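*Asks:* Quick one: sequence plus predicted model below, questions after.
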Amino acid sequence: MLGYGDWNNSSCKLFRTAYDEFPWYTEGINGFVDVTDTAKAIVGLLDSDVTAERYILNGDNWTFRKLFDTMADGFGKKRPHREATPFLAGLAWRMAGLKSSFTRQPSILTRESARVARSKTFFDNSKILRQLPGFRFTPLDVSIRAACESYLSGLKNS
C-alpha cells in the first residue's frame, strides 16, 4: 500500500528512500495500491452482502525501478541509477541487518525484501472490480505524486 504517513515506518519508508536519493534499483515487479483505494474497497465490501471471500487489492503491477523513478520525480530528486544485482542485493541486506543491530532500528531491507525486490510477481485485481463494478483504482502515478506533495508540504511546515 502506498500513501502519505510516517515515512519512518512500513511501506512509507519507500518514499523516504526515494527522497534520500538511494542510488539502487531492481527490475523486480510487484503489485501496488493506494492506501485510500484500499480503505474504499474495504468499505464497499462491508456495505455489500458478500461473505467468506478473499480479494486482491492491486492498483497496478510495476517494476521497483519505475516505482522509485516516479517517487524521485515527485520529490524533484535524482532517480536511482545503479542496478542491484543478486550478489549486491544479498550483500546489502546483510549490511543493513548489521547496521540495524547497532542502531536498534528496524531495517527496510531484509532478506525477504531483497528477494521480493528481485522477483517478478503479478497480481490480478479483476475479482474485486467485478464485485464492486463502480470502483476504480487511482493510477499509481497520481497516488505517488499526491503522497510526495504531502511529504514535501510536511517538511516545509516542520
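*Replies:* All right, it came through fine.

*Asks:* how near is the residue sitting furthest away from the middle of the chain to residue 132?
*Replies:* Centroid-distance maximum for the chain: residue 49 at 30.6 Å, with C-alpha atoms, centre = their mean. According to C-beta to C-beta, to the nearest Å, residue 49 and residue 132 sit 12 Å apart. C-beta: built from backbone N, CA, C; applies to glycine.

*Asks:* which stretch of helix or strand covers the residue farthest from the centre of the chain?
*Replies:* Residue 49 belongs to no helix or strand when assigned by DSSP states H and E.

*Asks:* give me phi/psi at it?
*Replies:* Dihedral pair for residue 49: phi -100, psi 10, per degrees, to the nearest 10.

*Asks:* Provide a list of residues in contact with it.
*Replies:* For residue 49, the contact set (C-beta atoms under 8 Å, 6 or more residues apart in numbering) is empty.

*Asks:* Extract the residue ranges of the protein that are flagged as low pLDDT.
*Replies:* In the predicted model of the chain, residues 108 satisfy pLDDT under 70.

*Asks:* mind redoing it with 80?
*Replies:* The model of the chain has pLDDT under 80 over residues 89-90, 92-93, 106-110, 113-114, 158.

*Asks:* Could I get the full set of strands for it?
*Replies:* 24-25, 29-32, 60-63, 82-83 (DSSP state E).

*Asks:* neighbouring strands for the third one, and are they parallel or not?
*Replies:* Note on strand 60-63: by DSSP bridges, its sheet partners are strand 29-32 (antiparallel).

*Asks:* Can I get the strands of the chain in a markdown table including mean neighbour count and distance to residue 114?
*Replies:* Output for these, formatted as a markdown table (neighbours: other C-beta atoms under 10 Å; distance: least, C-beta to C-beta, whole Å):
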| stretch | mean neighbour count | distance to residue 114 |
| --- | --- | --- |
| strand 24-25 | 20 | 11 |
| strand 29-32 | 19 | 13 |
| strand 60-63 | 18 | 15 |
| strand 82-83 | 11 | 13 |
